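In: Need a 3D model of the following:
(2 chains)
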2 protein chains.
Amino acid sequence: MHTAGDVRVEQRPDPVIVEPTDAIIRVTATCICGSDLWPYRGVEPADHQVMGHEYVGVVEEVGDRVQTIEVGDFVVGSFVISDNTCEICRSGYQSKCVHAEFVAQTIGTQAERARIPHADGTLVATPGQPAPELIPSLLAASDVLGTGWFGAVAAEAGPGKTVAVVGDGAVGLMGVLAAKQLGAERIIAMSRHPERQKLARYYGATDIVEQRGADGVAKIKELTNGLGAHSVIEAVGTQEATQQAIGATRPGGHLGMVGVNYDVTLRGIQLFFSGIHLHGGPAPVRRFLPELIQLVWDGAIDPGRVFDLTLPLEDAARGYEAMDERRATKVLLTV
Amino acid sequence: MHTAGDVRVEQRPDPVIVEPTDAIIRVTATCICGSDLWPYRGVEPADHQVMGHEYVGVVEEVGDRVQTIEVGDFVVGSFVISDNTCEICRSGYQSKCVHAEFVAQTIGTQAERARIPHADGTLVATPGQPAPELIPSLLAASDVLGTGWFGAVAAEAGPGKTVAVVGDGAVGLMGVLAAKQLGAERIIAMSRHPERQKLARYYGATDIVEQRGADGVAKIKELTNGLGAHSVIEAVGTQEATQQAIGATRPGGHLGMVGVNYDVTLRGIQLFFSGIHLHGGPAPVRRFLPELIQLVWDGAIDPGRVFDLTLPLEDAARGYEAMDERRATKVLLTV
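Out: Next up is the predicted model:
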């Protein structure tokens, strides 16, 4: 991205092994994330930077100290580099690893090849070479599925629980899928977009709430004996969505906060008297990858349906335009 | 409290049974809470209101539908009325009961007698008539012990955990006691007050950190391999203390927020990238009362040592002065 709004696909030198824990992968597919729109729209600075942090591909080369990943493996990686051995990783928070590094900022996987540091701790090999129709679902695991899944885990979605999902973008839809897989009894998707409502129902939503803000909260309470949902996933990141999510959570309930919320301010006393649990942040995708890959491999889930536009990498600029203009929920780029 | 700063002990009509679920108790001991200083200092309005929400006493009369509490029982009650049967109560959040009512605002236990609604759901009888030396500890269970305990539970204090406690007031000290009882490996009390440090050590603190703010956070990280504490209890409620508590919690760790935080503002993105769990609110003391009463009864804990000034009820005004001027941490009033 040269500057805001100016995406170009250019020849750059191939990456090489730098550290003995690195791997070089040939990217098979990558995608455009909602967060890629921040620099595109000028919300974050953009100055000739590499882009992309979601990826699947084939390992071409590994450093001397890489042990679990081999040349030829098909791999899925997290959008945050992690060693997966430090105390924070072992507690399940690989996105906050002591060696954490955002793939988006330094590596950029909207490319033919990428150097992945801490390959053992960041990448997970699939059981074999995947059929082409599995590629979108495996790619989703790299971020949107992992993030929606973390939102559902943070919200403690599970058997007997009513789960409300604020946000019908790719992450919100993956939150619905995750809540279903985790055994939630009732899943309320908050959406006013007919196509996304349909997909939410496909992924397991039992109810749709079109109202927003205070009306949305009132509707959730009406559906839950006046108490609010046990579990709420916040997958937008705006002030309104956050207030809606807090209001929709019952006392003692759990709010999983996975929308990146740059401009959100919370009043301490509101949180205090709400009596809810709050948890979230950049998803520790690496924690969930082995399980998510297996679910995709076994055909138990098909998260790849969130991609509603597929383009070749050289047309990346068109993909950004489609996402920016909301003509696409999530764009897959084939390499 | 007639107006801010004007506390008077006056004759008022004795309370009577209004609802069949009520009990009338003769108060044996009550106390002054840090939160009683808000109206005293004019932070909250005060207009000829009854005061007090911590209490132990003997049941004098019960309504027709009271089943578990009998006339003559010695009881400890929560500072929030609860039915203990609704869905929220059954999930452990009695302070957010669908019939919740703050004792402080409507009942007032700095008095000889009090009417306690939902007696079965609010009061717990002790195993027998307590020896006089147990009264302070039983009284502590009514709020400060229950609140510190909830802070430690919300922070998930337990075996193998390092727990940091922000605040060396009565609630903070009770947080230390609770962390110790819950099996924490290491307990760091943040205090610069020699007498309170001593009491913190008595209750189980293994380390004392005198620094505050960013320096306090740096010191906690130094003591925890640069990672932060697993569990942090915030028992102050100011902006500085809250920031200190967030900063002291490691990614994936748990912050138990029990300081009432009227003027605290949290930036969503800071919470997001911290990756911590946040939970707190008015403590569901009723959840913990049976266990806490038993621990006091068995002599396993002596929370009553947080009271450093005892006065007769008629000298309540002197007690408020002493708390306001920080000459006392916690004042017990005998009735």
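In: hang on, isn't A:Gly252 packed against A:Ser231?
Out: No - applying Cβ atoms under 8 Å as the test, A:Gly252 and A:Ser231 come out as separate, 11.2 Å apart. The C-beta positions use only the backbone N, C-alpha and C, and glycine is treated the same way.
In: Comparing these two, which residue is more hemmed in?
Out: Set side by side, A:Gly252 and A:Ser231 show more neighbours around A:Ser231, with 30 against 24, by other Cβ atoms under 10 Å in any protein chain shown.
In: Quick check: beta-bridge partners of the more buried one?
Out: Beta-bridge partners for A:Ser231, by DSSP bridges, are A:Val163, A:His254.
In: thought it was touching A:Gly160?
Out: No - with contact defined as Cβ under 8 Å, A:Ser231 does not reach A:Gly160; the gap is 10.5 Å.
In: list the residues that contact both of these two?
Out: Residues within reach of A:Ser231 and of A:Gly160 at once, by Cβ atoms under 8 Å, 6 or more residues apart in numbering or on different chains: there are none.
In: who are the neighbours in contact with the residue nearest to the spatial centre of chain A?
Out: When Cα atoms, centre = their mean is applied to chain A, the residue found nearest the centroid is A:Val144 (2.4 Å). Residues near A:Val144 by Cβ under 8 Å, 6+ apart: A:Cys33, A:Glu54, A:Ala170, A:Val171, A:Met174, A:Pro303, A:Val306, A:Lys330.
In: how close does it sit to A:Phe150?
Out: 11 Å (Cβ to Cβ, to the nearest Å).
In: A:Gln181 now?
Out: Distance, A:Gln181 to A:Phe150, by Cβ to Cβ: 13 Å.
In: what do you get for A:Phe288?
Out: A:Phe288 sits at a distance of 7 Å from A:Phe150 (criterion: Cβ to Cβ).
In: and what of A:Ile17?
Out: 31 Å.
In: neighbour-wise, which of these two wins?
Out: Neighbours were counted for A:Ile17 and for A:Phe150 using other Cβ under 10 Å; A:Phe150 has more, 29 against 16.
In: In three-state terms, label that one for me.
Out: Secondary structure assignment for A:Phe150 (DSSP: H, G, I helix; E, B strand; the rest coil): helix.
In: hang on, isn't it packed against A:Gly256?
Out: Yes - with contacts counted by Cβ under 8 Å, A:Phe150 reaches A:Gly256, the gap being 7.1 Å.
In: So for those two, which residues contact both of them?
Out: A:Gly280.
In: dump the residue contacts of the closest residue to A:Tyr262 other than its chain neighbours.
Out: If you skip the residues right next to it in sequence, A:Tyr262 has B:Ile269 as its closest partner in space, 5.1 Å away by Cβ to Cβ, 6 or more residues apart in numbering or on different chains. Contacts here follow Cβ under 8 Å, 6+ apart; on that basis B:Ile269 touches A:Val260, A:Asn261, A:Tyr262, A:Asp263, A:Val264.
In: and the residues you listed, which are buried?
Out: Buried members of these, counted by 16 or more other Cβ atoms under 10 Å in any protein chain shown: A:Val260, A:Asn261, A:Val264.
In: which of those come close to chain B?
Out: Filtering the buried ones among the contacts of B:Ile269 for neighbours of chain B using Cβ under 8 Å from any Cβ of the partner chain leaves A:Val260, A:Asn261, A:Val264.
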